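Participant: Following is a predicted model, sequence given first.
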Amino acid sequence: MASIRMRNTGERISGTRNVSDFLTAQGVLYEHWQTQKLPISLQGKCNLSDEEKNQILSVYDEEIQSLGSRNGYVKWDVIALSESTPNLAELLKKFEQVHIHTEDEVRAITAGHGIFVIKGKDDTGYFDVELEAGDVISVPVDTPHFFTLMEDRQVVAVRLFIDPTGWVAHPIEDPAFAK
Ligand SMILES: [Fe+2]
């Protein structure tokens, strides 16, 4: 279950209903996939072979097709980050810059944890969405955000695209963002 931290006030929002209501009001899609569908050997595992990545896609095929047909996503893959990822620290540094995309950024977390830092509407300011396995999120097109890892420094996520070339990051300088 995801949890929210408001960067301006430190306020936390937790509980399925509260998190879901907050994100819906922000225009952020939030859903849940059953983590028990994954074979035990893949639950929590973040260092994956190509075969294991394909296995994850086939386990969640129904969920992927459903999300894709509702929102126009036609391509998908699996990204896995862990201490065994070459240059993880460098990669994370690159990730941790506020940017936008010309299409939604969709991630279904299947193992580990991640945080989307997202700019809220109006005077909401930036907020962190802390995600765990089973959490599915879509950051809307043109919404300033970035993604980073949590203390366990590992994650596996299914990514869905309308067109992978639309997912190029366009960095922005936002004076409203304070680390
Ligand atoms: Fe992004």
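Facilitator: That came in fine, so what should we check first? Numbering: from 1, shown residues only.

Participant: report the longest strand in this protein, please.
Facilitator: Identified as the longest strand of the chain according to DSSP state E is strand 105-119.

Participant: same for it, what does it pack against?
Facilitator: Here strand 105-119 touches helix 61-71, strand 126-132, strand 135-139, strand 145-148, strand 155-161, going by 3 or more C-beta pairs under 8 Å, 6 or more residues apart in numbering; DSSP states H and E. No exception for glycine: its C-beta is placed from N, CA and C like everyone else's.

Participant: now that strand against strand 135-139, angle please.
Facilitator: 70 degrees (axes from the mean of the first three to the mean of the last three C-alpha atoms, to 10 degrees).

Participant: mind putting the helices and strands packed on strand 105-119 in JSON lines, mean neighbour count, mean pLDDT and distance to G114 included?
Facilitator: Listed next are those as JSON lines, based on neighbours: other C-beta atoms under 10 Å; pLDDT from 0 to 100; distance: least, C-beta to C-beta, whole Å:
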{"stretch": "helix 61-71", "mean neighbour count": "14", "mean pLDDT": "96", "distance to G114": "18"}
{"stretch": "strand 126-132", "mean neighbour count": "21", "mean pLDDT": "98", "distance to G114": "5"}
{"stretch": "strand 135-139", "mean neighbour count": "24", "mean pLDDT": "97", "distance to G114": "9"}
{"stretch": "strand 145-148", "mean neighbour count": "20", "mean pLDDT": "96", "distance to G114": "6"}
{"stretch": "strand 155-161", "mean neighbour count": "23", "mean pLDDT": "97", "distance to G114": "5"}
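
Participant: among the ones you listed, which is nearest T24?
Facilitator: strand 135-139 (11.5 Å; C-beta to C-beta).

Participant: what lines up beside the closest one in the sheet?
Facilitator: Note on strand 135-139: by DSSP bridges, its sheet partners are strand 29-32 (antiparallel), strand 105-119 (antiparallel).

Participant: Just give me how far that strand sits from the chain centre.
Facilitator: 5 Å (C-alpha atoms, centre = their mean, to the nearest Å).
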